[in-house]
Each structure stands twice: as C-alpha cells, then as structure tokens.
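In: Need the 3D shape of this:
(one chain, ligands or ions: 3)
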Amino acid sequence: MNIQVQICGIAIVIFLLIMSLNRKTIWLRSKRAFIVALSSTLIALILDTLSIVAIVGASGNYTTFTKAICKAYLISLVWMAFTMNYYTSIDVGVKNTFIHAHKIIAQIFIIIITIVIPLLPVNIHYTKRTDLYTYGPAVLATYGAAFVYSIVNVSILVAFRKKMNHRRWASEMTWMILLVSAAIIQFLHNYLLIIGFASALGILIVFIRLENPESFIERETGCFNDLAFNAYLDQCYNRGERISMLIIQFSNPHYLYERYYTESINDFLKEFSKVLDSSTKGQVFKYREWEYVITFSRKISLDEAAGAIHQALDREWIIEDSVANIELVYTKIPDSFIARDAESMLEMMRAFRRDYSNSPETNLVMNEKWTDGYLREQEVEDMILSAIRDDRVIVYYQPIFSTTKNQFVSAEALVRIVDEEGNLIPPGAFIPVAEDTGLILQIGKIVFEKACRFMMEEKLYEKGIEYLEINLSAVQCMRADLADVFTKIINNTGIDPKMVNLEITESRAISSTEILISNMEKLRTIGVQFSLDDFGTGFSNLDYLLELPINIVKFDRKMTQAYFESEKRRAVMGGVINMIKAAELEIVAEGVEDGHQLEELSRIDIDFIQGYYFSKPVSKEKFLELIN
Ligand code: C2E
Ligand code: MG
Ligand code: MG
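Out: Ligands and ions are numbered 1, 2, ... in the order given. The predicted model follows:
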C-alpha cells in the first residue's frame with residue numbers, strides 16, 4: 001500500500017516538473033523557488049520509496065547502507081520543509097528586513113541539520129510490508145526541524161496576510177496545512193507513511209493556482225500576458241532592477257473589427273506577435289487586447305531596439321488576402337525608475353494612455369516633462385484627498401448686488417482649500433484635477449451642504465440674501481443621481497429650495513444634455529433655480545440659452561469688460577442683452593471692478609452686479625460683517 005502511494009506522489013511531481021520546465025516562462029524568483037521546492041519534494045519521495053525497499057529487502061538485517069538511505073530520506077524531508085519556507089519568504093517580499101534575517105537563519109539551520117542527522121542513531125521497526133517505520137533520535141530531530149520550519153512558515157503567512165495577494169496566501173496556506181496535518185498523523189500513527197504524498201498534493205495545488213506557466217501565456221498569440229507583465233514588473237522593482245520599455249498600441253482596432261472576421265484578426269495577431277518577438281531581444285508581453293509592452297534591460301539601447309522593431313513591423317500586413325491598414329503608436333519609457341513601484345508605473349501607463357488617447361502623434365516618449373506634470377497632478381490629488389479628510393475644504397462668498405433693489409440680494413459660493421500649512425488654495429489650482437479624478441463629486445457635495453447650512457444657521461434670508469448661487473461642474477451634471485443627492489442635502493439642511501440657485505457651465509464634458517436636463521427638471525419641480533455661468537467664454541451659447549431651463553445668465557468677467565472696450569463691442573453686447581431680455585432671463589455681470597462700470601451697467605438694464613468693486617470672495621465671518 002505505502003509503495004503505491006509513494007509512486008503516485010512521484011508521478012504527480014514528475015508531471016509538474018515537466019509541465020513547469022517545457023513551457024516558455026519568465027524566470028521570476030518565485031518560479032525558481034517553486035522549481036527548487038518541486039525538486040526537493042521529488043527527491044524526498046524517491047528516497048522515501050528507496051528506504052521502504054531497502055528496509056523490506058534487508059528484512060531485519062540492517063546494514064549501514066540501509067540506515068544511510070533512511071537518514072538521507074530524513075534529511076530530504078527537512079529540506080522539503082526548508083524549500084517550502086523559502087518559497088513563501090520570496091513571495092512575501094524581498095525588501096522586508098525581518099524576512100531577510102529569517103532567510104539567513106533558515107539557511108544556517110538547514111546546514112546544521114544536514115550535518116547533525118547523519119551523526120544521530122536511527123532505529124527501524126519492521127514486521128511486515130505494511131508495518132514499517134523508523135524511530136529514534138535522528139527521526140525526532142527530523143520531525144523537530146521540519147516542525148520548526150512549518151511553524152515559522154505558518155507564522156509568516158499569518159503575519160503578512162494583508163501584504164500578500166489573497167490567492168497566493170490561500171494556496172500556500174493550504175499547502176502548509178496539508179503537510180502539517182500529514183506530519184501529525186504520521187507522527188501519531190507511524191506506520192502511515194503519508195507525508196510524501198501529502199506534500200505532492202500540496203504542491204499540485206500551488207502549481208494549479210499559482211505556478212502554472214499557462215496562466216502567464218495568452219492563448220491566441222502565445223505571448224506572455226498581463227499577469228506575467230505585472231509579476232515581472234513587480235519583481236524588477238522589488239529587486240531594484242532598472243528597465244526600459246516600449247509600448248506598441250494599435251490605434252485603429254475598430255477599423256479591423258469592422259472589416260474582418262474575428263478568426264482572421266486572431267491569425268493576424270498571431271503572425272504580428274511572431275514577427276515582433278523575433279525582431280527583438282526584449283521580453284514581449286501582450287499587455288492588453290491591442291497593446292504590447294516590450295521590456296529591455298538597461299544595457300540595451302532603447303532607441304536602437306525600438307528602431308529594429310519599428311523596421312520589422314513597418315511592412316504590408318495581409319488580412320483576408322488584402323493589405324490591411326495597420327496604425328501603430330509607439331511609446332518609449334526610457335527609465336522604469338520614474339515610478340517608485342510597479343503599481344505606480346501601471347497607473348502612470350494608464351494616465352499616459354488617457355492623456356494621449358486623442359493625439360495624432362505616433363511616436364511618444366514618457367519623458368521627464370510628462371512625468372513631472374503627472375506627479376504634480378498626483379500631489380494635487382493627494383492635497384484634495386487630505387483636505388476632504390481633514391475638513392479643510394471651505395467656502396468663500398462673494399456678494400451679488402441687485403441694481404433694482406440697490407442692495408445685496410445674493411452671493412456666490414466659491415470653494416477654497418486650506419492646505420496643511422494654512423495657505424488658501426484657489427479653485428483654479430485644483431478644480432481641473434478634481435474633475436479629472438472624479439473628486440469634484442465629493443467637493444461639490446461639501447460646498448453645497450456647507451452653503452445650505454450657512455444660509456440656514458445664519459438666517460441670511462432675514463438679512464436680505466434671497467438665495468445663494470452654487471457652482472456645478474459638468475462632471476456633476478452628467479451624474480444620473482445628482483438630483484437625488486442634492487434633494488437629500490436640501491431636506492437634511494432644511495433649506496427652502498427657492499434659496500438655491502445652481503450655476504451650470506457649458507463644457508465639452510457635457511456630451512449630451514439629456515442627463516443634465518433631467519437633473520435640472522427634477523430639481524426645478526421642488527423649486528431650485530438655475531443660472532448659466534461663464535456666458536461669453538464657451539461655445540454654442542445660444543443653444544444652451546434656449547434649450548436649458550434657466551433663470552439667470554451670468555456674464556463672464558471678460559464679457560463684462562468687453563462692453564467698455566470699444567463702440568463696436570458695446571453695440572454687439574447691447575444686442576445680446578436685448579436678446580436675453582427677450583427670453584425673459586435676468587443678467588448678472590461678473591468682474592465689475594469700479595464705480596463707473598457699475599453705473600453704466602445699471603443704466604443698461606443689467607439686473608445684478610458681482611465683482612471686486614463690492615467685494616472679493618470672503619470667508620463666512622467677513623461676509624456676515626459685510627451684509628450686516
Ligand atoms: P466662476 O463661477 O465664474 O466664479 C467667478 C470667479 O471670478 C471667482 O473666481 C471670482 O473670485 C472671480 N471674480 C469675481 N469678481 C471679480 C472681479 O471683479 N475681478 C476679478 N479679477 N475676478 C473676479 P474664483 O473664486 O477663483 O473661482 C474660479 C472658478 O472656479 C469659478 O468661476 C468656478 O468656475 C470655479 N469654482 C469655484 N467654486 C466652485 C465650486 O464649488 N464648484 C465648482 N464646480 N467650480 C467652482
Ligand atoms: Mg460661478
Ligand atoms: Mg462665472
């Protein structure tokens with residue numbers, strides 16, 4: 001029975017070794033460690049079988065030779081535990097100092113064990129084929145050492161659980177649990193020789209879940225896939241290995257999809273991958289559906305390597321018997337160290353792709369200039385995030401003067417961030433990044449809620465402030481849940497919706513006005529009003545003016561100033577004002593900086609004035625002083 005089980009185990013491990021070695025693979029450190037663990041498991045299984053054969057063959061008459069085989073088996077068992085332990089510590093990370101120290105101690109320990117076990121006596125118990133085992137000091141030392149490795153291994157897995165990928169963690173834990181349980185069973189019932197087989201099963205699980213070379217290979221093209229790239233990149237950063245990269249993207253996949261059968265496209269990609277692979281010494285990865293990444297060691301000149309690839313790929317590609325129009329974009333990343341780790345490099349690659357998605361340029365470089373801009377944007381993003389977290393997003397108010405009532409009747413809420421040093425950061429410095437990253441949604445909510453609370457807590461409506469104007473970003477307008485989110489805030493703060501006027505701006509980001517208008521209609525039914533902000537700076541102003549359910553048009557500062565610049569402009573502005581008035585809308589002129597402008601604008605029927613002449617945007621406290 002025992003022999004059969006051992007042979008099954010040997011068959012499994014040999015199969016795994018063949019599978020691991022005959023596929024092309026990236027030699028990650030974890031892969032090497034896995035091969036070592038596989039080999040040591042195989043050796044242990046073979047020695048286990050040999051020792052059984054030797055014991056049975058000797059039938060009571062144990063020579064030094066029989067005992068030597070038994071001891072060799074015992075040593076191989078400890079080595080198996082050691083190599084598993086080594087595999088796990090590679091996985092946890094190379095930079096950790098605890099792991100580093102542990103690795104050295106584990107290596108010293110295995111040397112000591114390898115020397116000590118042969119010196120200790122071993123006893124053999126044998127009655128029949130199914131009742132044989134070894135015991136005595138050498139066996140105890142073996143179990144002890146293997147146990148120590150296993151306990152340390154489990155402890156590492158538990159301690160670094162959060163740092164490890166869950167899939168890896170679970171597979172390695174299963175491996176360990178299998179082995180430790182088998183060892184305990186065998187220790188208690190020493191005629192059951194199951195450790196070898198249990199470790200073969202455990203390593204099979206690790207192979208299937210983690211180390212199957214197939215999982216690193218894309219089926220259609222046979223190239224390494226994104227998983228392989230991520231693992232490789234991770235290793236480069238962990239080991240402090242600097243590389244350069246070339247990204248090749250197809251810029252017209254739609255053209256191919258529309259024209260050819262999927263099968264033909266797959267054939268083409270196979271051919272393309274082959275040509276690419278043979279044109280370079282670099283490691284080729286098919287990173288995404290229409291994107292390859294080729295990595296180079298820094299010893300190779302990126303320009304030369306890229307040139308050779310360019311030359312090889314720049315040829316006629318035949319799909320379905322005709323020449324296909326293949327458009328490629330090449331992006332060079334000369335130095336991987338512009339990012340601090342694999343994750344930030346992947347993020348940078350995404351950001352770069354986004355930035356240049358509409359560029360006609362076909363030869364791009366992720367150079368320092370771009371990286372600096374990107375990093376600055378990251379800093380702004382971090383600043384916004386920390387400001388949101390620490391409640392440093394604040395609202396300033398700029399009064400709006402009614403030319404008919406001759407007093408302040410409203411104010412515009414304008415966001416500011418107080419940075420960690422206490423400086424006031426104007427919206428121009430962070431709104432664009434907030435819009436790119438989606439953080440504007442949170443900022444927008446904060447501003448809206450704070451403005452509503454200010455109105456209610458200070459009873460501004462009793463001081464002549466009839467409503468507050470609050471800016472909406474295009475990103476907010478395009479959210480289907482905007483109306484619900486704002487209605488909830490209105491209900492929570494108890495503000496009368498008539499005291500809310502939302503400013504919307506024309507923007508390329510508003511690709512269709514459908515969601516925008518649906519949001520506006522929902523909010524209008526409860527009484528919220530709308531202004532069209534920045535009139536005079538955007539495009540298709542008239543469309544917006546007529547299509548959107550607004551009450552007020554706000555002239556941008558440049559538009560207001562234009563009125564005072566020349567006779568011609570004044571005449572045109574007069575026409576625009578008449579047109580707006582004909583649509584029964586009111587007008588706010590922004591950016592009024594002196595008394596003369598105020599007088600003139602009041603004379604020509606501008607309803608409201610907002611500008612430095614009255615006040616810059618000010619804090620809540622200053623604003624209260626101002627209107628009191
Ligand atoms: P905006 O909505 O057109 O706001 C008017 C801007 O013009 C304010 O700049 C204001 O300080 C400035 N301004 C007003 N009167 C004068 C004047 O007489 N002279 C000059 N030189 N400038 C004047 P601010 O506060 O820097 O805001 C800039 C832009 O940032 C705003 O333009 C708006 O588009 C955006 N913004 C501000 N707060 C928010 C917000 O809470 N959400 C969103 N999405 N955008 C906001
Ligand atoms: Mg505004
Ligand atoms: Mg404006």
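In: As a check, name the ranges of all strands in the stretch 201-350 of the chain.
Out: 243-250, 283-288, 291-297, 317-319, 322-324, 328-333 (DSSP state E, counting those that start in this stretch).
In: contact partners of the first one?
Out: By C-beta atoms under 8 Å, 6 or more residues apart in numbering, the list of residues contacting strand 243-250 from outside reads 236, 256, 276, 282, 287, 290-298, 300, 302, 305-306, 309, 313, 326-336, 349, 353. In short, each C-beta sits where N, CA and C put it, glycine included.
In: what angle sits between it and strand 328-333?
Out: 160 degrees (axes from the mean of the first three to the mean of the last three C-alpha atoms, to 10 degrees).
In: Show me what strand 243-250 pairs with in its sheet, parallel or antiparallel.
Out: strand 291-297 (antiparallel), strand 328-333 (antiparallel) (DSSP bridges).
In: Equivalent analysis for the fourth one, please.
Out: Within its sheet, and counting by DSSP bridges, strand 317-319 is paired with strand 322-324 (antiparallel).
In: ok so, going back, just the buried ones among the contacts of strand 243-250, please.
Out: Taking 16 or more other C-beta atoms under 10 Å as the criterion, what is buried in the contacts of strand 243-250 is 236, 256, 276, 282, 287, 291-296, 302, 305-306, 309, 313, 326, 328-336, 349, 353.
In: mind checking the SS state of Asp484?
Out: Following DSSP: H, G, I helix; E, B strand; the rest coil, we place Asp484 in the helix state.
In: still on that earlier bit, can I get the strands paired with strand 243-250 in JSON lines with distance to Glu458 and mean pLDDT?
Out: Shown next, in JSON lines, are the strands paired with strand 243-250 (distance: least, C-beta to C-beta, whole Å; pLDDT from 0 to 100):
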{"stretch": "strand 291-297", "distance to Glu458": "55", "mean pLDDT": "97"}
{"stretch": "strand 328-333", "distance to Glu458": "54", "mean pLDDT": "97"}
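In: Can you convert these into JSON lines and add a column each for distance to Asn423?
Out: Listed next are the strands paired with strand 243-250 as JSON lines, based on distance: least, C-beta to C-beta, whole Å:
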{"stretch": "strand 291-297", "distance to Asn423": "41"}
{"stretch": "strand 328-333", "distance to Asn423": "35"}
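In: Let's have these in TSV, adding distance to ligand 3.
Out: Putting the strands paired with strand 243-250 into TSV (distance: least, C-beta to the ion, whole Å) gives the following:
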stretch	distance to ligand 3
strand 291-297	41
strand 328-333	38
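In: Relative to Lys31, which of the ones you listed is closest?
Out: The closest of those to Lys31 is strand 291-297. By C-beta to C-beta, the value is 16.3 Å.
In: what does the closest one rub up against?
Out: Counting by C-beta under 8 Å, 6+ apart, 223, 229, 232-233, 236, 241, 243-250, 273, 276, 280-287, 302, 305, 309 sit against strand 291-297.
In: Now do it against strand 283-288, angle only.
Out: Counting by the same axes, to 10 degrees, strand 291-297 points 150 degrees away from the direction of strand 283-288.
In: How about the residues of the chain by ligand 1?
Out: Taking C-beta under 6 Å from any ligand atom as the measure of proximity, the chain contacts ligand 1 at 398, 414-415, 426-428, 431, 440, 444, 447, 471-473, 503, 533-534, 557, 590-593, 610-612, 617.
In: switch the cut-off to 5 Å
Out: Leu414, Val415, Pro426, Pro427, Val447, Asn471, Ser473, Gly591, Glu593, Gly611, Tyr612, Pro617 (C-beta under 5 Å from any ligand atom).
In: partners of the helix or strand the second one falls within, with directions?
Out: Read that as Val415. Take DSSP states H and E as the rule and Val415 turns out to sit in strand 407-418. Within its sheet, strand 407-418 is paired with strand 393-402 (antiparallel), strand 424-425 (antiparallel), strand 467-471 (parallel), according to DSSP bridges.
In: Let me know the average pLDDT across the next helix or strand after the second one.
Out: Translated: strand 424-425. Sequence order places helix 431-437 as the next helix or strand after strand 424-425, per DSSP H and E. Helix 431-437 carries an average pLDDT of 94.
In: I'd like to know the beta-bridge partner residues of Glu586.
Out: With DSSP bridges as the criterion, Glu586 is bridged to Ile552.
In: Correct me if wrong: it contacts Ile552.
Out: Yes: look at Glu586 against Ile552 with C-beta atoms under 8 Å: they come within range, at 4.8 Å.
In: Give the residues shared as contacts by these two.
Out: Contact with both Glu586 and Ile552 is made by residues Asp607, Phe608, according to C-beta under 8 Å, 6+ apart.
In: and Leu468, how many neighbours does it have?
Out: 24 (other C-beta atoms under 10 Å).
In: which residues does it contact?
Out: Counting by C-beta under 8 Å, 6+ apart, Leu468 touches 397, 410-413, 451-452, 454-455, 460, 499-501.
In: returning to what we had before: which of the residues in the strand holding Val415 are buried?
Out: If you call a residue buried by 16+ other C-beta under 10 Å, then strand 407-418 has these buried ones: Phe408, Val409, Ser410, Ala411, Glu412, Ala413, Leu414, Val415, Arg416, Ile417.
In: Can you confirm whether it lies near ligand 2?
Out: No: with C-beta under 5 Å from the ion as the measure, strand 407-418 is seen stopping short of ligand 2, the closest distance being 5.6 Å.
In: If you rank every helix and strand of this protein by mean pLDDT, what lands last?
Out: Ranking every helix and strand in the chain by mean pLDDT, DSSP states H and E puts helix 541-547 at the bottom, with a mean of 77.
In: circling back: and the buried ones among the contacts of strand 291-297, selectable in ChimeraX?
Out: Selecting only the buried entries of those in ChimeraX, with 16+ other C-beta under 10 Å as the criterion:
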select :223,229,232,233,236,243,244,245,246,247,248,249,250,273,276,280,282,283,284,285,286,287,302,305,309
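In: Pull up the per-residue confidence for Gly93.
Out: 67.
In: Over to the one 5 residues further on?
Out: Per-residue confidence (pLDDT) for Phe98: 86.
In: Phe539 now?
Out: Listed pLDDT for Phe539 reads 59.
In: Wait, Gly611 touches Gly591, no?
Out: Yes: contact criterion C-beta under 8 Å: Gly611 and Gly591 qualify, at 5.2 Å.
In: who touches both of the two?
Out: Common neighbours of Gly611 and Gly591 (criterion: C-beta under 8 Å, 6+ apart): Arg557, Thr560.
In: quick one: which of these two has more around it?
Out: Between Gly611 and Gly591, Gly611 has the larger neighbour count (other C-beta under 10 Å), namely 23 against 17.
In: what mean pLDDT does stretch 4-19 have?
Out: The average of the pLDDT scores along stretch 4-19 is 92.
In: Follow the chain on from the strand or helix carrying Thr525 and name the next helix or strand.
Out: Here Thr525, judged by DSSP H and E, is contained in helix 513-526. Note on helix 513-526: by DSSP H and E, the next helix or strand toward the C-terminus is strand 529-535.
In: wait, does that following strand make contact with ligand 2?
Out: Yes: Strand 529-535 reaches ligand 2 (C-beta under 5 Å from the ion) through Asp533.
In: just how off-centre is that strand within its chain?
Out: Taking C-alpha atoms, centre = their mean, to the nearest Å, one finds the center of strand 529-535 at 37 Å from the center of the full chain.
In: try stretch 433-444
Out: 18 Å.
In: And stretch 261-268, by the same measure?
Out: On C-alpha atoms, centre = their mean, the centre of stretch 261-268 falls 31 Å from that of its chain.
In: Need the CA coordinates for it. PDB is fine.
Out: Taking Å, rounded to 0.1, in the frame of the first residue of the first chain, the C-alpha atoms of stretch 261-268 are listed here in PDB:
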ATOM      1  CA  TYR A 261     -13.700  38.100 -39.100                       C
ATOM      2  CA  THR A 262     -12.500  37.600 -35.600                       C
ATOM      3  CA  GLU A 263     -10.700  34.500 -36.700                       C
ATOM      4  CA  SER A 264      -8.700  36.400 -39.300                       C
ATOM      5  CA  ILE A 265      -7.900  39.100 -36.800                       C
ATOM      6  CA  ASN A 266      -6.600  36.400 -34.400                       C
ATOM      7  CA  ASP A 267      -4.500  34.900 -37.200                       C
ATOM      8  CA  PHE A 268      -3.100  38.300 -37.900                       C
END
